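>>> Sequence first, then the predicted structure, then my questions.
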Protein chains: 2
Amino acid sequence: MGFIKNTQIVLANRPVAEIDPATTFRKQQVSLSDDLAPGEILVKVLFISLDPAMRGWMRDVRSYIRPVRIDEVMRSADVCQIIKSSNPDFKVGELIRAHCGWQEYSVLKPSDDVVKINAFPGISPSTFLGVLGLTGLTAYFGLFEVGEIVKKGGPNCTVVVSGAAGATGSVAAQIAKHVFGCRVIGIAGSDDKCDYLVKELGLDVALNYKSKTFFKELHAATPKLIDIFFDNTGGDILDGCLRRIAFKGRIIVCGAISTYNDAVPKGPAYYSALITQRARMEGFIVFDYAEQYGKAIEDMSKWIKEGKLKSRETVVHGIDNTPEALVKLFKGDNTGKMLVKVAEEDTKSRL
Amino acid sequence: MGFIKNTQIVLANRPVAEIDPATTFRKQQVSLSDDLAPGEILVKVLFISLDPAMRGWMRDVRSYIRPVRIDEVMRSADVCQIIKSSNPDFKVGELIRAHCGWQEYSVLKPSDDVVKINAFPGISPSTFLGVLGLTGLTAYFGLFEVGEIVKKGGPNCTVVVSGAAGATGSVAAQIAKHVFGCRVIGIAGSDDKCDYLVKELGLDVALNYKSKTFFKELHAATPKLIDIFFDNTGGDILDGCLRRIAFKGRIIVCGAISTYNDAVPKGPAYYSALITQRARMEGFIVFDYAEQYGKAIEDMSKWIKEGKLKSRETVVHGIDNTPEALVKLFKGDNTGKMLVKVAEEDTKSRL
């Protein structure tokens, strides 16, 4: 039996508005015993997933998941490698996805939610935090279950995606474009991202919401109005899309990253377009579809192989930089999935 | 052949924010020929219906119906009596509902949308502008088609209705309470209205949104959260209900009267509760259900007879007072349906 020095980052103070890396979080070092009870495994964290939803987890309000407690290790999904096991189903060297949070090591119990990811050769492990992780699944179930893409999709269907260069938005936009053949307009926050959306992901149009003529451009890009709006940002973009929503249009309320740091966010002023256009805004949480994850991952793995689903990652190195990386996510510095690389995989021990 | 002196009220200027009776509208007198082409009828307007939707009709924006033109007679539904007919299907003395607008007389063509209302003895004619008119039908289809009351209704279902003492709200609240047995909380703008909601309409709780402790009271009145929110007002009340929305809650976006006079309305700041609670906000327009009006009127006529649906009217007298009456509607001076009585029915000629 021995002890491992484990760096953790805990929630120190609930931010009222903006996250301040220095005061919102606190780094601490603890000793972790490697003495495992039967069924437990000891894992080393390789990648930490950073997600807009984290801002909500810091808030002490009624939500779909309990808030992270003060002094608790910040919650996240991670890709981990097993370094010690007392569970015959899990072998040293195997890669898993688990919720260890922002720390270097963790001991997982048999009751913890763990997904083996060795089972999919040819797809890089970090993909299981992105396209094949909760962000990709969120895109999938948002479009299928809330956006009614099966019913509405096709060349006469205009789909607009905000945060289109992000981890969820890029998957939603590509499914709408390359699986359902819709006209897809991606909205992002830089000309580089817009280039990426059109040239690499093949969207019909990409619009930079920081352009002074953005709303005119949005109007021009949606001559047949907007049948499905997959919204990751909220704010003025949501209002702009409400003004262009089509009859029986569907607004998939996936996220509202532009408002998460506001003490009291600005609501969508033009929501009464829901009345005049008989439109619907509906929120969802990917966890509700857990029973269908298998089918979704199968579909998306196939689309990856067919070249229909491409992805990028923005990787920050070192666990110490995790708080800063989260702030960058809210600033929109990432293209694709935002990850922190904590440690290298030990490929010698990989099965 | 002769001429009738006809007083009309036309839209003179589109209001930017508040309606100003003196400048928004203009009264004019015209001569109307009583010389009818085959199939036409000449009608005298008895009652003008005033509706919150009128504010939208004055706005020159993309909507579900074309805006009223400048210098055009203001649009409304009316109860009218036929005073001359060259249509064998319509006899002098019969009462009809039609869209004549704000004027004393009108000539209707065979192609105009006209509903005979003599066919329902025992129900007062003005009921066809209220409970059995578009306001009542709006309540019915909002609850049934958008609110999923058939699926959700029952004693474990909490329904909140804003504008509950109004023409639409009072019908929605009573159907939820007395037809589906839900726990129903009505929101209104005076203690008198709240008394009416509890003592006369039999709601479980009525809350005055002007109370300083309104949001606390709303919280206390919804211990099991809000399954269905029938919203006629928007604004802070909508935000308060979003904060109490239940898992898979349904917000029926019927109207937003609190915002109609704002140049740029304030949107619902807490709409991201749609995400955390997997809730839905959906708008609708009663016209979409025209094919089902017959069934709805049959149901509601039955509920009136059973005492499940009561109604009040606030009646302003004289066509000249119509603009002021509309302003009063937006101030919430009415309980139940807001009507202008333009002329007495000629009961001698009634069939």
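Received the coordinates, thanks. Residues are numbered from 1 along each chain as shown, chains lettered A, B, ... in the order given.

>>> Could you tell me how many residues sit around the spatially closest residue to residue A:67 that is not a sequence neighbour?
Excluding its sequence neighbours, the residue lying closest to residue A:67 (Cβ to Cβ, 6 or more residues apart in numbering or on different chains) is residue A:60, at 4.9 Å. From N, CA and C alone the C-beta is placed, and that goes for glycine too. Taking other Cβ atoms under 10 Å in any protein chain shown as the neighbour definition, residue A:60 ends up with a count of 11.

>>> for the one 3 residues further on, same thing?
The local packing of residue A:63 (other Cβ under 10 Å) involves 17 other residues.

>>> is it true that it touches residue A:53?
No. Under the criterion of Cβ atoms under 8 Å, residue A:63 is not in contact with residue A:53, lying 9.6 Å apart.

>>> so what sits against both of these two?
Taking Cβ atoms under 8 Å, 6 or more residues apart in numbering or on different chains as the contact criterion, residue A:63 and residue A:53 have no common neighbours.

>>> related to what we said a few turns ago, got the phi/psi numbers for the residue nearest to residue A:67?
Listed backbone geometry of residue A:60 is phi -90, psi 70, with angles given as degrees, to the nearest 10.

>>> Test for you: state the pLDDT assigned to it.
For residue A:60, the model assigns a pLDDT of 91.

>>> again with residue A:141
Residue A:141 is assigned a predicted lDDT (pLDDT) of 98.

>>> residue in chain A nearest to chain B?
residue A:267 (2.8 Å; Cβ to the nearest Cβ).

>>> need the contact list for that residue.
So, once contact is read as Cβ under 8 Å, 6+ apart, residue A:267 ends up touching B:239, B:266, B:267, B:268, B:269, B:270, B:271.

>>> Grab the nearest non-local neighbour of the fifth one.
Leaving aside its chain neighbours, residue B:269 sits nearest to residue A:267 (4.4 Å; criterion: Cβ to Cβ, 6+ apart).

>>> For that neighbour, name its beta-bridge partners.
Applying DSSP bridges to residue A:267 yields these beta-bridge partners: residue B:267.

>>> Give me the distance between it and residue A:212.
24 Å (Cβ to Cβ, to the nearest Å).

>>> What of residue A:287?
Remark: distance between residue A:287 and residue A:212 (Cβ to Cβ) = 40 Å.

>>> Just want to know which of these two has more residues nearby.
When neighbours are counted by other Cβ under 10 Å, residue A:287 and residue A:212 differ, and residue A:287 comes out ahead with 14 against 7.

>>> before we move on, back to that, could you point out which of the contacts of residue A:267 is nearest to chain A?
residue B:267 (2.8 Å).

>>> in stretch A:199-206, what's buried?
Judged by neighbour count (16 or more other Cβ atoms under 10 Å in any protein chain shown), stretch A:199-206 contains these buried residues: A:201, A:203, A:204, A:205, A:206.

>>> pretty sure the residue nearest to residue A:67 contacts residue A:15?
No. Look at residue A:60 against residue A:15 with Cβ under 8 Å: they stay out of range, at 11.2 Å.

>>> circling back: nearest to residue B:339, of the buried residues of stretch A:199-206?
Residue B:339 lies nearest to residue A:205 out of those, by Cβ to Cβ, at 50.0 Å.

>>> Go ahead and confirm that closest one touches residue A:187.
No. Counting by Cβ under 8 Å, residue A:205 does not reach residue A:187; the two are 9.4 Å apart.

>>> Can you give the distance of the worst-scoring helix or strand of chain A on mean pLDDT from its chain's centre?
Each helix and strand of chain A was given a mean pLDDT (mean pLDDT, DSSP states H and E); the minimum falls on strand A:115-116 at a mean of 88. Here the centre of mass of C-alpha atoms in strand A:115-116, compared against the chain's by Cα atoms, centre = their mean, to the nearest Å, lies 18 Å away.

>>> Parallel or antiparallel, list what pairs with that strand.
Its sheet considered, strand A:115-116 pairs with strand A:95-98 (antiparallel) by DSSP bridges.

>>> Could you list the residues in contact with the least confident helix or strand of chain A?
Residues outside strand A:115-116 that contact it (Cβ under 8 Å, 6+ apart) are A:90, A:94, A:95, A:96, A:97, A:98, A:128.

>>> In those, which residue is surrounded by the most others?
Each of the contacts of strand A:115-116 was scored by neighbour count (other Cβ under 10 Å); the top score is that of residue A:128, with 25 neighbours.

>>> Tell me if it really is in a helix.
Yes. Applying DSSP: H, G, I helix; E, B strand; the rest coil, one finds residue A:128 inside a helix.

>>> What residues does residue A:23 make contact with?
Residues in contact with residue A:23 (Cβ under 8 Å, 6+ apart) are A:12, A:13.

>>> Kindly report the same for the one 5 residues further on.
Contacts for residue A:28 (Cβ under 8 Å, 6+ apart) come out as A:7, A:8, A:9, A:10.

>>> Of the residues you listed, which belong to strands?
Using DSSP state E, the subset of the contacts of residue A:28 located in strands is A:7, A:8, A:9, A:10.

>>> which non-adjacent residue is nearest the second one?
Going back to what we said before, that points to residue A:8. With sequence-adjacent residues excluded and distances taken as Cβ to Cβ, 6+ apart, residue A:8 is closest to residue A:103, at 4.1 Å.

>>> Check the spacing between the one you found and residue A:340 real quick.
Distance of residue A:103 to residue A:340, given as Cβ to Cβ: 11 Å.

>>> So between the two, which is more surrounded?
Remark: of residue A:103 and residue A:340, residue A:340 carries more neighbours, 26 against 23, as counted by other Cβ under 10 Å.

>>> and that one, what element?
Here residue A:340, judged by DSSP states H and E, is contained in strand A:337-341.

>>> Touching that strand from outside, list them.
By Cβ under 8 Å, 6+ apart, the list of residues contacting strand A:337-341 from outside reads A:46-51, A:126, A:129-131, A:133, A:135, A:167, A:311-319, A:321-322, A:325, A:328-329.

>>> out of these, which are buried?
Of the members of the contacts of strand A:337-341, the ones counted as buried by neighbours, 16+ other Cβ under 10 Å, are A:46-51, A:126, A:129-131, A:133, A:135, A:167, A:311-314, A:316, A:319, A:322, A:325, A:328-329.

>>> which ones among the residues you listed are found in helices?
The members of these that map onto helices under DSSP state H are A:135, A:167, A:322, A:325, A:328, A:329.

>>> Same list (the residues you listed) but as TSV, adding pLDDT.
Listed next are those as TSV, based on pLDDT from 0 to 100:
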residue	pLDDT
A:135	93
A:167	93
A:322	98
A:325	97
A:328	95
A:329	94
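
>>> Now render the residues you listed as a markdown table, adding distance to chain B.
Listed next are these as a markdown table, based on distance: Cβ to the nearest Cβ, whole Å:
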| residue | distance to chain B |
| --- | --- |
| A:135 | 15 |
| A:167 | 16 |
| A:322 | 24 |
| A:325 | 23 |
| A:328 | 22 |
| A:329 | 17 |
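
>>> I figured residue A:77 was touching residue A:99, is that so?
Yes. If you go by Cβ under 8 Å, residue A:77 and residue A:99 touch, sitting 5.6 Å apart.

>>> if you count what's nearby, which of those two comes out ahead?
In this view residue A:77 and residue A:99 are compared by other Cβ under 10 Å, and residue A:77 has more residues nearby, 22 against 15.

>>> Contacts only, for the more buried one.
By Cβ under 8 Å, 6+ apart, the residues touching residue A:77 are A:49, A:51, A:97, A:98, A:99, A:129, A:133, A:134.

>>> Now the two most distant members of those residues.
Between all members of the contacts of residue A:77, the longest pairwise span (Cβ to Cβ) is found for A:51 and A:98 and amounts to 15.1 Å.

>>> For burial, what's the neighbour tally of the closest residue to residue A:265 other than its chain neighbours?
Across the structure, with Cβ to Cβ, 6+ apart as the measure, the residue nearest residue A:265 apart from its sequence neighbours is residue A:259 (3.5 Å). Counted with other Cβ under 10 Å, the burial measure for residue A:259 works out to 19 neighbours.
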